[in-house]
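Student: my questions are about this predicted structure, shown below with the sequence.
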Amino acid sequence: MSIERNAKTRIAICVPTYRGADRVEQFLTSLTAFTDFPREDYKIVALDDGTPDSDHAGKLQKVAEKFGAACIISDKNYGIPHAWNR
């Protein structure tokens, strides 16, 4: 998946998860409610690290779309360092 970049993007927020789409939604709700940065100054990337439940991937994708975030789904659990370096 290609993550769109533009000249204004100053911060990339990577949110790795494993079976945590609900927690990602709570985090993104708080982030967008309490940040002072203009939305065009940061990008959000939700990273699923190989959750075996296929319904989870769809749910995470919907959460990402709701917040204008990119979503990367891994087919295997590699651990957080791998997810961050994707």
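Tutor: Thanks, I have the structure now.
Student: for stretch 54-64, buried residues please.
Tutor: For stretch 54-64, a neighbour-count test (16 or more other CB atoms under 10 Å) marks 56-57, 59-61, 63-64 as buried. The C-beta positions use only the backbone N, C-alpha and C, and glycine is treated the same way.
Student: what mean pLDDT does it get?
Tutor: Per-residue pLDDT over stretch 54-64 has a mean of 91.
Student: same question for stretch 27-45.
Tutor: pLDDT averaged over stretch 27-45 gives 89.
Student: distance across that stretch, terminal residue to terminal residue?
Tutor: One end of stretch 27-45 to the other measures 12 Å (CA to CA, to the nearest Å).
Student: buried sites along that stretch?
Tutor: Using 16+ other CB under 10 Å as the test for burial, stretch 27-45 gives 27-28, 42-45.
Student: would you list those residues in CSV and tack on distance to Ile72 and secondary structure?
Tutor: As requested, those are arranged in CSV below (distance: CB to CB, whole Å; DSSP: H, G, I helix; E, B strand; the rest coil):
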residue, distance to Ile72, secondary structure
Phe27, 16, helix
Leu28, 15, helix
Tyr42, 17, strand
Lys43, 12, strand
Ile44, 11, strand
Val45, 7, strand
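Student: done for today, thanks.
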